[in-house]
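requesting a structural model of the entry that follows:
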Amino acid sequence: MVGSMKYVKILKNLLGRSLIPALLATLSLAAVQVAQAAARVPVLPQLASKPDPDSQLIAIYKDLGANNLRQAQLRADALVAAYPNFLLAQLVRGDLLMMHTRPVTGLGTLSKGDREKLDDLREEAMVRLNSLRERPDPELVPRALLKLRDDQRFAFVVDTKRSRLYVYQNTRGQLKLLSDYYITQGKLGSNKLTEGDQKTPVGVYYITGRLGRNRLPDFYGAGALPINYPNEWDRMKGRSGSGIWLHGTPSTSYSRPPLASDGCVVLTNPDLEKLFRSVEPGKTPVVISEQVEFVSRKALTVERDSADGLLDEWRRDLESLNTTRFMNNYSAQFKSALGEDLAVWSGKHLQAMAGIKDMTIKLQDVTMFAYPGHKDLIVSTFTQASTAGKRHTSQRKRQYWAKEGRHWKIVYEGIL
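Residues are numbered from 1 along each chain as shown. Okay, the predicted model is just below:
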């Protein structure tokens with residue numbers, strides 16, 4: 001612990017002066033951590049022959065730490081050749097060229113007027129470096145992904161603190177980290193509350209469509225993937241705003257600083273194009289957290305079973321036609337999709353159930369998420385297939401369950 005604190009203090013002092021010297025000063029620790037991460041996590045496949053920007057940057061820093069300036073220069077040249085509009089790579093390459101003739105005392109030879117741009121690039125460099133040192137353990141999974149449908153092949157998990165988007169593959173309930181990408185978030189960070197606050201929302205969302213580059217201005221780059229912000233929980237909490245997308249970067253830029261959007265999640269164009277291939281509008285979830293909580297697979301299974309039990313008990317209470325049992329599942333703070341309170345909504349429900357003598361209910365295609373930013377909040381979506389006499393109905397529903405004291409209660413329910 002003492003060694004780590006000393007490392008952090010040194011890093012903070014050095015970052016005020018220069019990027020490359022600062023990174024070189026931390027290479028002994030960073031290189032060990034990256035090597036350990038590489039041993040745990042399989043190398044992610046690249047869809048093209050271009051070098052991966054994050055891996056190439058850390059390789060450059062490692063070459064410098066080994067006093068191998070020529071190899072570092074070759075890597076920087078290759079990175080710039082592959083991504084000519086990658087400003088951070090251009091700046092690092094420029095510093096490397098100058099190191100042949102004189103010491104580098106700062107990142108780039110920028111004027112005072114460009115100090116803000118310099119700070120942005122320094123922050124981007126550190127975020128990218130940290131992402132390679134802090135790779136998720138493949139034996140751990142995001143707690144938020146309690147349960148996915150079998151036909152939900154992928155889930156996107158955004159960690160705004162790390163400026164990273166993780167892609168998880170779902171194979172019959174088994175989650176596997178497939179890839180991860182650097183992202184930009186809102187200028188003022190995350191936890192969006194109002195229209196125009198320049199923050200990225202935190203919550204559970206779904207991709208609602210695909211917008212190709214031919215349908216958008218160049219500002220959005222390779223295209224956009226809109227999400228359903230504000231969702232039901234956002235509206236219950238009075239949050240406002242619209243037009244939150246995952247999108248690319250203008251043709252003049254490879255990437256943007258970590259804090260630079262008006263609330264959208266921004267990726268490089270090559271990375272967004274990869275996401276496009278795995279997206280299924282209406283099915284692919286996007287879970288945005290300020291900091292992703294990773295748990296063991298065993299712990300996730302325990303929590304999933306508990307959540308399954310809640311939903312199954314609700315189903316059995318509904319089947320019982322016992323009004324008291326059924327309504328005991330609902331919170332006094334309940335709101336329906338139409339904004340109705342519990343008294344109004346329950347009156348309508350009881351009226352609809354009047355005269356039914358026997359009912360059978362099956363729940364299908366169930367998804368469950370532990371809602372980010374809340375310790376005890378679960379959002380569940382399912383298809384309710386009901387049979388009452390000769391009448392058969394099928395509805396896609398969404399419920400939000402919150403823990404009140406020792407008991408879980410439904411605080412929202414609506415038909416999709």
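
quick check, central residue of the chain?
Val158 (1.3 Å; C-alpha atoms, centre = their mean).

hmm, Val287 and that one touching each other?
Yes. With contacts counted by C-beta atoms under 8 Å, Val158 reaches Val287, the gap being 6.9 Å. All C-beta spots, glycine's among them, are computed from the backbone N, C-alpha and C.

for the residue nearest to the centre of the chain, give its distance to His407.
31 Å (C-beta to C-beta, to the nearest Å).

repeat that for Pro142.
Taken as C-beta to C-beta, the span from Pro142 to His407 is 26 Å.

the nearest residue to Leu146 once chain neighbours are set aside: neighbour count?
What sits nearest to Leu146 in space, not counting adjacent residues and going by C-beta to C-beta, 6 or more residues apart in numbering, is Met368, at 4.0 Å. Per other C-beta atoms under 10 Å, the neighbour tally for Met368 reads 23.

quickly list what Met368 is bridged to.
Lys147, Ser380 (DSSP bridges).

quick one, what contacts it?
Leu146, Lys147, Arg304, Ala307, Asp308, Leu311, Ile378, Val379, Ser380 (C-beta atoms under 8 Å, 6 or more residues apart in numbering).

tell me who's in contact with the last one.
It stands for Ser380. Counted by C-beta under 8 Å, 6+ apart, Ser380 has contacts Ala307, Leu311, Val366, Thr367, Met368, Phe369, Arg398, Gln399, Tyr400, Trp401.

what about the first one, distance to Gln399?
The gap separating Ala307 from Gln399 is 11 Å, by C-beta to C-beta.

hmm, back to that, skipping adjacent residues, who's closest to the residue nearest to the centre of the chain in space?
Closest to Val158 by C-beta to C-beta, 6+ apart is Ile288, at 4.4 Å.

can you give me every residue that contacts the one you found?
Ile288 touches Val158, Thr160, Ser190, Thr200, Pro201, Val202, Gly203, Tyr205, Val265, Pro372, counting by C-beta under 8 Å, 6+ apart.

and stretch 144-153, what's buried?
Ala144, Leu145, Leu146, Lys147, Leu148, Arg149, Gln152, Arg153 (16 or more other C-beta atoms under 10 Å).

scan this protein for its longest helix.
helix 297-320 (DSSP state H).

what are the buried residues along that helix?
Residues Leu300, Glu303, Arg304, Ala307, Asp308, Leu310, Leu311, Trp314, Arg315, Asp317, Leu318, Glu319 are the ones in helix 297-320 that count as buried (16+ other C-beta under 10 Å).

helices or strands up against whichever helix or strand comes after that helix?
Sequence order places helix 323-327 as the next helix or strand after helix 297-320, per DSSP states H and E. Where contact means 3 or more C-beta pairs under 8 Å, 6 or more residues apart in numbering; DSSP states H and E, helix 323-327 is packed against helix 297-320.

how far out from the middle of the chain is the helix it packs on?
Its chain's average C-alpha position is 25 Å from that of helix 297-320, according to C-alpha atoms, centre = their mean, to the nearest Å.

who touches it?
Contacts of helix 297-320 (C-beta under 8 Å, 6+ apart): 139-141, 143, 145-147, 175, 295, 325-326, 328-329, 359-361, 363, 366, 368, 370, 378, 380, 382, 399, 401, 408, 410.

mean confidence score for that helix?
Regarding helix 297-320, the rounded mean pLDDT is 97.

how near is Ala125 to Ser163?
Applying C-beta to C-beta, the value for Ala125 to Ser163 is 12 Å.

so what's the backbone phi/psi at the residue of the chain most remote from its centre?
In terms of distance from the mean C-alpha position of the chain, Gly355 ranks first, at 46.6 Å (C-alpha atoms, centre = their mean). With angles defined as degrees, to the nearest 10, Gly355 sits at phi 90, psi -10.

that's a strand at Lys62, yeah?
No. Counting by DSSP: H, G, I helix; E, B strand; the rest coil, Lys62 is not found in a strand; it is helix.

number of nearby residues for it?
Counted with other C-beta under 10 Å, Lys62 comes out at 20.

and Arg143, by the same measure?
Neighbours of Arg143 using other C-beta under 10 Å come to 19.

same thing with Trp233?
Using other C-beta under 10 Å, Trp233 has 20 neighbouring residues.

wait, what's in contact with it?
Gly203, Val204, Tyr371, Leu377, Val379, Tyr400, Tyr412.

ok, and for stretch 173-189, which residues are buried?
Leu175, Leu177, Leu178, Ser179, Asp180, Tyr181, Tyr182, Ile183, Thr184, Gln185, Gly186, Gly189.

three-state assignment of the first one?
Taken by three-state DSSP, the conformation at Leu175 corresponds to strand.

hmm, it is touching Leu140, no?
No. The pair Leu175 and Leu140 fails to qualify as a contact (C-beta under 8 Å) at a distance of 9.9 Å.

check contacts around the closest residue to Tyr220 other than its chain neighbours.
Leaving aside its chain neighbours, Tyr220 sits nearest to His247 (4.4 Å; criterion: C-beta to C-beta, 6+ apart). Contacts here follow C-beta under 8 Å, 6+ apart; on that basis His247 touches Leu216, Tyr220, Gly221, Gly223, Ala224, Leu225, Cys264, Val265, Val266, Leu267, Leu272.

how about His247: which residues does it bridge to?
Here His247, judged by DSSP bridges, has bridge partners Ala224, Val266.

now do the helices in this structure.
Using DSSP H, the helices of the chain run over 2-15, 19-25, 27-40, 53-65, 69-82, 87-99, 115-133, 232-236, 269-278, 297-320, 323-327, 342-353.

correct me if wrong: Asp341 contacts Tyr330.
No. Between Asp341 and Tyr330 there is no contact under C-beta under 8 Å: 10.5 Å.

who has more neighbours out of the two?
Between Asp341 and Tyr330, counted using other C-beta under 10 Å, the more crowded position is Tyr330 (19 against 12).

now do the contacts for the closest residue to the more buried one other than its chain neighbours.
With C-beta to C-beta, 6+ apart as the criterion, Tyr330 has its nearest non-adjacent residue at 4.9 Å, and that residue is Ile410. Applying C-beta under 8 Å, 6+ apart to Ile410 gives the contacts Trp314, Asn329, Tyr330, Ser331, Phe334, Gln399, Tyr400, Trp401.

of all those, which comes closest to His349?
Checking these against His349 by C-beta to C-beta gives Tyr330 as the nearest, at 9.7 Å.
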